[in-house]
Each structure stands twice: as C-alpha cells, then as structure tokens.
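*Asks:* below are the sequence and a predicted model; questions follow.
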Amino acid sequence: MQLLRDGDEVGQLARFDLNHAYRLSPDVESVLDSVRLSLIESVRAQPHDDCLLRPAHPRCRAGSVPERHRKSDAGLRPRPDFLGPAPHPRAHGRPQSRLRRQRDCSARSRRPRRAQRGLHGARRRGPHPTLAVAIFLQGRLDQSRGPVVRDFAGLVGLVTGAGSGIGRSSALEFARRGAAVGVLDLNEHAAAETARLITEAGGTAQAITVDIGDEPSVRAAVDRISAAYGGLDFAFNNAGVPSTNRQLTAMPSDEWEHVIRVNLTGTFLCMKYELPALRRRGGGAIVNTASNGGLYAIPRAPAYVASKHGIVGLSKAAAVDYAPDNIRVNALCPALTRTEMYESVAAGTDMTAQQEALTPLGRLAIPDEVAAAAVWLCSTQASYVTGIALSVDGGRRA
Ligand SMILES: NC(=O)c1ccc[n+]([C@@H]2O[C@H](COP(=O)([O-])OP(=O)(O)OC[C@H]3O[C@@H](n4cnc5c(N)ncnc54)[C@H](O)[C@@H]3O)[C@@H](O)[C@H]2O)c1
C-alpha cells in the first residue's frame, strides 16, 4: 500500500491525529487507509495552513513544495536526498557555491528549536515530520506482516482500563503474543469492544466490567479470569482517572477521594487479589501504571500526583515483599500519551504544542509505545527487573 502519493503536500500528516486512527481500528491496513483519506480531506480543506512547522519551516510555507520533499512513487522508502534539511556541503564532499552555503547555514541558524526536530526527535538530520510519520506507519505495516513472537503463549493475564488508550493497546499486544487476556474496564462497551478486536484477530480474551476502586468487584474479576483460564501469570494494572486542573486549596474533597480511590486504592485492591493468584502459579509479573507525575510534581494536579507517587511506592514495597515468591512488580511512568484521557485534558488548550516543545523527542507518545514497555516488563525478557519505576517519556527526565 502506498501511503503518500505524488502531489500530496508536505505537512498534511501533521494535522492527522494518529491516535484517533488507532482507536478506530488497530488493524494496520485500515489505519493506513484512514490516514490516506484523512490526508486527502485535510489538503482539500486547508492546504498548508495548518502545517506543524508553519511558519518557522521554510519548506512548509504556502506555495509549492520542492520536488525533493515530495514522496516518490516508489512507496514510503525515502530517497537519500529526502532526509531532512539540506546537509552541510562537507558532509557529502560535494562542491557547493559559497553563496549557497552561507544561505543554507543562516537559514538553519534562524530556525527555532522546535522546527529542527522531527517526529522521531532527530535534530537537523532527522526526517521531515511528514516522512517520519510515514516511516512509522510503514514500520507498523512491516511489523504486522512479520513473524509474530508468541512469547506469551500459554500465559494468562489481565489488563485494567483495557477499554481504551494504553490499556487497549497493551491488551491487544499481549493477545497478539499468545496470552489469554482478561479485558477489565469500568466501561462495559469499551471492554467488550477490545475483547471483540482480540477475538476477531484470532486471540483469546474475556471482557469483564469492573470498578477497581470497589473491593468485591475486583475480587470477582480476578477470580473469574483465574477460573476461566486456569490461573493468572501477569497483570497490568493500568486503569486510572485524571484530576481537574486546580491547586490543593481549590480542590473539593470529593474529587481528592475519587482520584485516590481509583488510582491508588484501585491499584492496591488489584494487587491484593492478583498476588495470591500469581503465587499459586509459582510466580509472575505485575506492572502498575503510574505516570511521570509519580516521579515529580505536575503543576495543579495534587490528587493525581499524590496518587501516582503512591503507586510507585506501592509497587516498590510489593516488589521487595514478593520477590521471594518469584513475583516481579514494577511501575510504569509514561509522560503525556495521545489517549482519550489526554485529549479530554488537553481539549481547547495549546498544551500539545507546549509539551512537544519541552520533550527532547519533540512529540508526545502514542499508546502503542507505552504498551510496548508494559509488555516488556511483563515478559521474561525483564526477568531480573523488579521494583523499578520505568519512565517512558521521550527524554523529559534526561
Ligand atoms: N494519557 C496520558 O497522557 C497518561 C500519562 C501518564 C499516565 N497515564 C496513566 O495511564 C493510564 C491509562 O490512561 P489512558 O491515557 O490510556 O486513559 P484512557 O482514559 O484512555 O483509559 C483509561 C481507562 O480506564 C477506565 N477506568 C476509569 N476508571 C476506572 C475504574 N474505576 N475501574 C476500571 N476502569 C476504569 C476507563 O473506562 C478507560 O477505559 C492511567 O492510569 C493514566 O493515569 C496516562
């Protein structure tokens, strides 16, 4: 499949919400189709005006796109001269006029910092964002065609908050790797949809409606998965809620209690019933989703930050206590990730642009990237990793 066609304009992909496509369908071919359709609509509606790099990037100003920035007919593989801003002449040993050299260098030095970063975070030499997204999607396509590593075959796991975002991405990935997955969510329809996607792809899943802040509900859900598949080998406790944007003194006590109940008490309750089930199997792994807000403060989010710091502490405490039972427990600390939770918080603000500018990789995460870290922590590849809080943050903490 060809994602970009001759004549497609640079910058149009920047308008496309990639995450939205994944939510619509995790099937790569459909995603690529919807991306292509979205591009065509985007160009028709507003050519160039919304380019991510406008107005800083000289290539993306209104007007014609230079030939070297267009996609060739050969598919997504870039031509060698397609790799970002014009290289310094010495890099290729090609002769170039002094005037041209001066013009290129001064143009580069005028560009603001963000404009020098592609979606892959590479500076200056990195691919243009449009190309970066195309390469990323091509990578997904290649992966989907490649051999599937079924390193979770025969294992049973559960994912909370699996009806959406990071939880859905990871449930799909665990299942793709061969696990039978308990798809747990407060939202019955969302959980059923994730389970449907898994089973339609040939995997094994069972949707269960659960409120992780409610002890009988959690106990029943863990029991049901263990009974259905004969035990439990891993759990990804990922469900969570955000808090509203205010300082501590302005926070209603109800909101404080709700955020702590779901995020912190919910994680505690899940572990309380998962740990004995894992012990019965002779060991296993638990990953708890905290946040970068579990490692340092996020302004105006006291309940969220407190709950996520609590999850990091709880994970470390359990890692020490249950290591003799061959159970590993780790916390996962994503920075902003393009999920429904993020969109609900960022709607109507310029948060995305601000946060991208603060992120060394120059973009926010997508759910698959956080899910990949969760899957790794649950896998035997991470057999000697326990008690850590793993940042997945595009370099924010570097
Ligand atoms: N998206 C981000 O930027 C970001 C960043 C850092 C950490 N996180 C954390 O990642 C986790 C997943 O978030 P997401 O961004 O995928 O959010 P999301 O809103 O897309 O998904 C969260 C899911 O949790 C479910 N849920 C909410 N309350 C529940 C409850 N009481 N019981 C069971 N399920 C419940 C929701 O129905 C939803 O399906 C959360 O713990 C969140 O705090 C998210």
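*Replies:* Great, that's in hand. Being a predicted model, the structure only gives us computed values, none of them experimental. Numbering: from 1, shown residues only.
*Asks:* S391 versus A221, what's the distance?
*Replies:* 29 Å (CB to CB, to the nearest Å). (Glycine included, C-beta is placed from N, CA and C.)
*Asks:* sorry, slip of the keys, the one I care about is T204.
*Replies:* 32 Å.
*Asks:* show me which of the two is the more surrounded one.
*Replies:* In this view T204 and S391 are compared by other CB atoms under 10 Å, and S391 has more residues nearby, 21 against 15.
*Asks:* residues in contact with the host helix or strand of that one?
*Replies:* Under the criterion of DSSP states H and E, S391 resides in strand 389-392. Contact partners of strand 389-392, identified using CB atoms under 8 Å, 6 or more residues apart in numbering, comprise 290, 292, 294-295, 312, 315-316, 330-335, 365, 369-370, 373, 377, 397.
*Asks:* quick check: which ranges of the chain have low pLDDT?
*Replies:* Low-confidence segments of the chain (pLDDT under 70): 1-147.
*Asks:* what's the following helix or strand after the top helix by length along it?
*Replies:* If you go by DSSP state H, the chain has its longest helix at helix 302-322. The element immediately downstream of helix 302-322 (helix or strand, assigned by DSSP H and E) is strand 327-334.
*Asks:* so is the very next helix or strand once past that next one next to the ligand?
*Replies:* The element immediately downstream of strand 327-334 (helix or strand, assigned by DSSP H and E) is helix 340-346. Yes: interface with the ligand: helix 340-346 contributes 340-342 (CB under 6 Å from any ligand atom).
*Asks:* same check on stretch 315-332?
*Replies:* No: using CB under 6 Å from any ligand atom, we find that stretch 315-332 stays clear of the ligand, coming within 8.1 Å at best.
*Asks:* restricting to C-alpha, output that stretch in CSV.
*Replies:* Provided in CSV are the C-alpha atoms of stretch 315-332 (Å, rounded to 0.1, in the frame of the first residue of the first chain):
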residue,chain,number,x,y,z
SER,A,315,5.0,-1.1,43.6
LYS,A,316,8.4,-0.9,45.2
ALA,A,317,7.0,-2.2,48.5
ALA,A,318,5.4,-5.2,46.8
ALA,A,319,8.5,-5.9,44.7
VAL,A,320,10.5,-6.3,47.9
ASP,A,321,7.9,-8.3,49.8
TYR,A,322,7.0,-10.7,46.9
ALA,A,323,10.4,-11.3,45.3
PRO,A,324,10.8,-14.5,47.3
ASP,A,325,7.6,-15.7,45.7
ASN,A,326,9.2,-15.1,42.3
ILE,A,327,6.8,-12.3,41.6
ARG,A,328,8.2,-9.1,40.0
VAL,A,329,6.4,-5.8,40.5
ASN,A,330,7.2,-2.7,38.6
ALA,A,331,5.7,0.8,38.0
LEU,A,332,5.4,2.3,34.5
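*Asks:* what residues of that stretch count as buried?
*Replies:* For stretch 315-332, the neighbour count (16 or more other CB atoms under 10 Å) marks 315-316, 318-319, 322, 327-332 as buried.
*Asks:* now the residues of helix 340-346 next to the ligand in CSV, with distance to E215?
*Replies:* As requested, the residues of helix 340-346 next to the ligand are arranged in CSV below (distance: CB to CB, whole Å):
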residue, distance to E215
E340, 26
M341, 24
Y342, 29
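*Asks:* redo these as a markdown table? Include neighbour count.
*Replies:* Below are the residues of helix 340-346 next to the ligand laid out as a markdown table (neighbours: other CB atoms under 10 Å):
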| residue | neighbour count |
| --- | --- |
| E340 | 16 |
| M341 | 17 |
| Y342 | 21 |
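*Asks:* what's the closest of the residues you listed to V262?
*Replies:* M341 (12.0 Å; CB to CB).
*Asks:* pretty sure the closest one is touching P242, no?
*Replies:* Yes: M341 lies in contact with P242 (CB atoms under 8 Å); the separation is 5.7 Å.
*Asks:* what are the phi and psi values at T349?
*Replies:* phi -120, psi 170 (degrees, to the nearest 10).
*Asks:* alongside the ligand, which residues does the stretch 51-200 of the chain contribute?
*Replies:* Going by CB under 6 Å from any ligand atom, the residues of the stretch 51-200 of the chain near the ligand are 160-161, 163-167, 185-187, 190.
*Asks:* quick check: ChimeraX command selecting the buried ones in the residues you listed.
*Replies:* This is the ChimeraX syntax for the buried subset of those, where burial follows 16+ other CB under 10 Å:
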select :160,161,163,164,165,166,167,185,186,190
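*Asks:* what's the closest of the residues of the stretch 51-200 of the chain next to the ligand to E255?
*Replies:* L186 (17.1 Å).
*Asks:* contacts for stretch 257-273?
*Replies:* With contact meaning CB under 8 Å, 6+ apart, stretch 257-273 is reached by 160, 212-215, 218-219, 222-223, 235, 237, 239-243, 286, 288, 303-304, 306-308, 310-311, 314, 318, 329.
*Asks:* out of these, which are buried?
*Replies:* So, by 16+ other CB under 10 Å, the buried ones in the contacts of stretch 257-273 are 160, 212-214, 218, 222, 235, 237, 239-243, 286, 288, 303-304, 306-308, 310-311, 314, 318, 329.
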